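Undergrad: Give the three-dimensional model of this entry:
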Amino acid sequence: MPTTPDDDELELIRRSGAALRAGRLSLAAGTGSYRVKASMSRLAHAMGVDRHEAHVTLTEITTTSHRGRSFRTEVAEVRHVGIDSDRLARLEEMVTDVEARASESGTEARPDDVEHRLDVIVATPALYRPALNALWAGIACAAFAFLNNGGPIEVLVVLVAATLGQAVRRTLAHRGWNPFGVTMLAAAVACFGYLAVVTALHSAGAITTRHEAGYVSAVLFLIPGFALVTGALDLARLDFSAGLSRLTYALMILTSAALAVWGVSSVVGLEPVPPAPLGLAPGVLLGLRLLASLVGVLGFALMFNSPWRMAFAAALIGMVANVGRLWLVDRGFAVQAAAALAALVVGLLAAYVAPAIRVPRVTVAVPAVVIMVPGVTAYRSVFSLSEGDTVQALAYGVQAALVVVALSIGLAVARMLTDPTWGSER
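TA: Reported below is the predicted structural model:
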């Protein structure tokens, strides 16, 4: 039975809607605009759409699908943006499978089948319970504490404090609270938790000094690493609307956390002064840096809901790159130059490791890079600004910005070298 124009338009609506839904899920799971556009375009073409175009920002998607003489434009909004590496991997696997099946059979994929597979992905629960998710954040921040010259006391107390902070953050975020308010509250809980534990240990005589310098490391789970990295990569592709919106969001999250740190510091009379180096033997320091980098990236990856194989891949890549970065800095390299080289290594390794384990590259590269983001420096910049020390605030802020830019340049160069389609529109 021949189809009518109304039938063709109805089919276009269904195909366009299925592709848009996949894009919304990808965007809500934290991937960059390039990957959202590419996934929607591939899925739409597999369903018989002649041409699919999209405009993507941090929270909005506008798409136009063309089929024959008909076209359909739709707008969708994503109000809750988070990070879910497992969902990103499942979505990528689904798109690849639908595309391959359509190519092999020579027939168009059915929108109903795509919708069903999306339903299954949405219904898949998180890999880790809330308590475990909070623990992964605590482990990551504890590793951060050591890399920031923290001793055993700082590492253990940061583990407890960051776990408490992430538990609060996750609970309130899942209840739909404002993300910036949640960030400030979680940062305050982590800081006060750290100081409370240290004070209790000091009062009990378990420690002779208060070890207050590590409290900034307790809030590093709030670093918006995905937004910073994907936003900068969007800018590298001249996608300014997506890049600027992501970087603005990341800056607001960082500022919210830093203001909470400043508030706690003002109440208890502390300053985020950098602790002195631990003075360890070179061999011991290298071994502990390797372990801390591995554990730190692993913690962040698991906090992002990564499967274990994905998390271990990111951890191994991040360990190699971060320890190399620290080695270069110790030998007089500019911090931003070392960061760019380390990010280049991450990008090149991720380009070969991610396809081998069949996961999106971003789910491996970003956790490996997050541990290099200068969160402590950014927090100190806002603290100094709040205290009226503009010169110090500017120095910290410029240093943090240069490192973030350098990390983005390294990842962008790696993408250009390994992905010929990345620099062009699809």
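Undergrad: correct me, but Val49 touches Arg67?
TA: Yes: the pair Val49 / Arg67 is scored as a contact, 5.4 Å apart, by C-beta atoms under 8 Å. (Each C-beta comes from the backbone N, C-alpha and C, glycine too.)
Undergrad: Pull up the overlap in contacts between the two.
TA: Contact with both Val49 and Arg67 is made by residues Leu12, Arg15, according to C-beta atoms under 8 Å, 6 or more residues apart in numbering.
Undergrad: List the buried residues of the helix or strand containing Gly410.
TA: Mapping Gly410 onto the secondary structure by DSSP states H and E places it in helix 390-418. The neighbour-count criterion (16 or more other C-beta atoms under 10 Å) identifies 393, 396-397, 399-404, 406-415 as the buried residues of helix 390-418.
Undergrad: State the mean pLDDT of that helix.
TA: When the per-residue pLDDT values of helix 390-418 are averaged, the result is 88.
Undergrad: Quick one: list the elements packing against that helix.
TA: In terms of contacts (3 or more C-beta pairs under 8 Å, 6 or more residues apart in numbering; DSSP states H and E), helix 390-418 is packed against helix 225-236, helix 335-357, helix 361-370, helix 375-386.
Undergrad: That one versus helix 375-386: what angle between them?
TA: Interaxial angle, helix 390-418 versus helix 375-386 (axes from the mean of the first three to the mean of the last three C-alpha atoms, to 10 degrees): 150 degrees.
Undergrad: could you give the angle of helix 390-418 to helix 225-236?
TA: Taking the same axes, to 10 degrees, one finds helix 390-418 and helix 225-236 inclined to each other by 70 degrees.
Undergrad: next one: helix 390-418 to chain centre, how far?
TA: Helix 390-418 has its average C-alpha position 16 Å from the chain's average C-alpha position, going by C-alpha atoms, centre = their mean, to the nearest Å.
Undergrad: Then stretch 358-365?
TA: Distance, centroid of stretch 358-365 to centroid of chain: 12 Å (C-alpha atoms, centre = their mean).
Undergrad: Using PDB, write out every CA atom in that stretch.
TA: This file holds the C-alpha atoms of stretch 358-365, laid out as PDB (Å, rounded to 0.1, in the frame of the first residue of the first chain):
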ATOM      1  CA  ARG A 358      34.500  -0.400  23.200                       C
ATOM      2  CA  VAL A 359      33.800   2.700  25.300                       C
ATOM      3  CA  PRO A 360      33.500   6.400  24.300                       C
ATOM      4  CA  ARG A 361      36.900   8.100  24.400                       C
ATOM      5  CA  VAL A 362      35.600  10.900  26.700                       C
ATOM      6  CA  THR A 363      34.700   8.400  29.400                       C
ATOM      7  CA  VAL A 364      38.400   7.400  29.600                       C
ATOM      8  CA  ALA A 365      40.100  10.700  28.800                       C
END
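Undergrad: buried ones in it?
TA: Val359, Pro360, Arg361, Val362, Thr363, Val364, Ala365.
Undergrad: Ala44: which of those is nearest?
TA: Within the buried residues of stretch 358-365, the smallest distance to Ala44 is 18.8 Å, found for Pro360 (C-beta to C-beta).
Undergrad: Quick check: closest non-adjacent residue to Thr124.
TA: Excluding its sequence neighbours, the residue lying closest to Thr124 (C-beta to C-beta, 6 or more residues apart in numbering) is Arg90, at 6.7 Å.
Undergrad: ok, the one you found touching Val122?
TA: No: using C-beta under 8 Å, Arg90 is not in contact with Val122; the gap is 9.8 Å.
Undergrad: out of the two, which sits in the busier spot?
TA: Taking other C-beta atoms under 10 Å, Arg90 and Val122 do not tie; Arg90 has more neighbours (21 against 11).
Undergrad: Let me know the secondary structure of the more buried one.
TA: helix (DSSP: H, G, I helix; E, B strand; the rest coil).
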